[in-house]
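> Sequence below, structure please.
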Amino acid sequence: LNATNLSVFNKYAAEFIAGSIAGELATQGQLKLSNAFSLEAKLSGKGLALSSGRDKIFSLASLNVAQIALSPNSLTLNKITLGSPAANISLNKDRRLNLLSLIKPAAQAKQTAKPAQAAPSRPAKSKANFAWSVKNISLSGGSLNFTDESLATPFKLRISDMKASISEISPKRAADIKLSSLVSGSGLASITVRAYPLDFKRKSDINVVLKEIPLAPASPYTAKYIGNEIAGGKLNLKLAYKIDDGKLNASNDLNLDRFELGKEVQSKDALSLPIGLVVSILKDSDDQIDISLPLSGAMNDPKFSYGALIWGAIKKLLSDIVLSPFRFMGKIAGVDTKKLESIDFEAASSEILISENSKIDDLAKVAKAKPELKIILNSAYNEKLDTHEFQRRSLQNTLTLMSNKQGLSTDEAIAALKIKYGIKSGGDEAMKELISAQKFTRSRLDELALARAAAVQSALVQRGVSVSRIEIKKPSEAELKQNSFIPLSLGVER
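Below you'll find the model as predicted:
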């Protein structure tokens, strides 16, 4: 059967699509009819196209199916080659996809439909007895053009030089899928998949590599959703997704090479995300940003949502970066920033410990390497430990004063204080009660916390950091470190 020009079918297709088809198809085969029929055939085509007006939506330079085998119980398509498939997909200003505009609404019946008569019942044919497969699919020279005109600045993407192969699509066997292409003229996309196409939750192994994808063309989207254009940079991405019986385990390793944010853009759709701060924190001295985002989930759970899983992981990551920035900076100016979480102090003291000087040295180096960031000192105290130490020192001073002025021994002074405070116990318990009995004003904790921050600030200034780039936050309670030290936590702001 030869159809030298598919356009002859346009008058029939017009009832269903608002477009036209073109191209040539040819089939050759042998049909056998006996107790059960069988068909052996092959199919070829060229210049196939689906158009809307003058715009080609989809085209295919060549199509070949080397084997079509059909019988009552099976269907096999084998050795399918697609030559230079091309698609032009677009969203208009109303966010309507051009593909949807091709589909016509269902035609209304011209006359009142008659009640349908029940068809004679026939034994149901078991789907399990019908075997089908599509094997050895290959694609070369493919391309995709995508345009989104719904944005303030239209977005355009071109994927070219596409190659793909699929070993087999069938209900019973896993498929090996490979795809590669150029993105925006210079970036590489490579995808390898081993999965059951009709039941991917059963067992799937998916790997995606994106290499040197230009990011500036994505500015129309980033302007809308994060309020910033992208001035430059390239994306490198490595994804590894493993699914086994509905259990997802995935790794997402992302690298942004020489990434630069562009100008800020006012957008009502922009998410409230500290993108500028996050970029400044993550970028290392080689102008690289590396992010690793592991994921896991139960896909068989009715509440499972891949989008929610990704977004939840991203929000947690951004929160962690802002709250613990030095943990994510990596190495800056030769400094291992993971050690810069806090400057630690002894109880009731604002004196910088010898062990903390190297941290302050490194903090000054980071501040100089990232001049766009402000160093945040979270002035801190621990109410229980600092108060106890202040009171212990107060008692010790009182005992010393009584010894010097009244000529009392330490034991005699303690005995006198026990009478004064009405303490009946002895030994260590008496000392605890005496310490607790010492007067203490809580405002001293705030003063101590601010003194600690001022000490760190002064040390940074001595190391060449401008005082205008150091901000001291209000005093707050801090959890003890190693049950002995009060950590003054460090942060950054942009």
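> Can you give me the buried ones in stretch 366-386?
366-367, 370, 373-382, 385-386 (16 or more other Cβ atoms under 10 Å). No exception for glycine: its C-beta is placed from N, CA and C like everyone else's.
> what's the farthest-apart pair in those?
The most widely separated members of the buried residues of stretch 366-386, counting by Cβ to Cβ, are K370 and L385 (33.3 Å).
> And the residue nearest in space to the middle of the chain, which helix or strand is it part of?
Nearest residue to the geometric centre of the chain (Cα atoms, centre = their mean): I314, 4.7 Å. Element membership for I314 (DSSP states H and E) is helix 306-323.
> immediately after that helix, which helix or strand?
helix 325-328.
> and that following helix, what does it pack onto?
Packing partners of helix 325-328 (3 or more Cβ pairs under 8 Å, 6 or more residues apart in numbering; DSSP states H and E): helix 275-282, helix 306-323, strand 486-493.
> Repeat the analysis, applying 6 Å as the threshold.
Here helix 325-328 touches helix 275-282, going by 3 or more Cβ pairs under 6 Å, 6 or more residues apart in numbering; DSSP states H and E.
> Which residue is the nearest non-sequential neighbour of the residue nearest to the centre of the chain?
Nearest residue to I314, sequence neighbours excluded (Cβ to Cβ, 6 or more residues apart in numbering): L293, at 7.3 Å.
> quick one: the one you found is in a strand?
Yes - per DSSP: H, G, I helix; E, B strand; the rest coil, L293 lies within a strand segment.
> On the strand side of things, show who it bridges to.
N252 (DSSP bridges).
> which ones are touching N92?
E149 (Cβ atoms under 6 Å, 6 or more residues apart in numbering).
> how many neighbours does L215 have?
20 (other Cβ atoms under 10 Å).
> per-residue confidence at it?
pLDDT, L215: 95.
> circling back to that earlier point, settle this for me: the residue nearest to I314 is touching S251, isn't it.
No - with contact defined as Cβ atoms under 6 Å, L293 does not reach S251; the gap is 7.7 Å.
> Can you tell me the element the closest residue to N236 other than its chain neighbours falls in?
In this structure, N236 finds its nearest non-sequential neighbour in N255, 4.1 Å apart by Cβ to Cβ, 6+ apart. Counting by DSSP H and E, the element that carries N255 is strand 247-264.
> ok, back up a step: quickly note the distance from the residue nearest to the centre of the chain to N252.
Applying Cβ to Cβ, to the nearest Å, the value for I314 to N252 is 10 Å.
> can you map out the helices along the stretch 1-150 of the chain?
Along the stretch 1-150 of the chain, counting by DSSP state H, counting those that start in this stretch, helices occupy 10-13, 98-101.
> so which of the ones you listed gets nearest R54?
helix 98-101 (12.9 Å).
> what's in contact with the closest one?
S90.
> chain center to it: distance?
Helix 98-101 sits 31 Å away from the centroid of its parent chain (Cα atoms, centre = their mean, to the nearest Å).
> Going by neighbour count, which residues in that helix are buried?
98-99.
> So for that helix, mean pLDDT?
Helix 98-101 comes out at a mean pLDDT of 86.
> just checking, what's the longest helix in the protein?
helix 383-406 (DSSP state H).
> which helices and strands sit right next to the next helix or strand after that one?
Next in sequence after helix 383-406, counting helices and strands by DSSP H and E, comes helix 410-421. Applying 3+ Cβ pairs under 6 Å, 6+ apart, one finds that helix 410-421 contacts helix 383-406.
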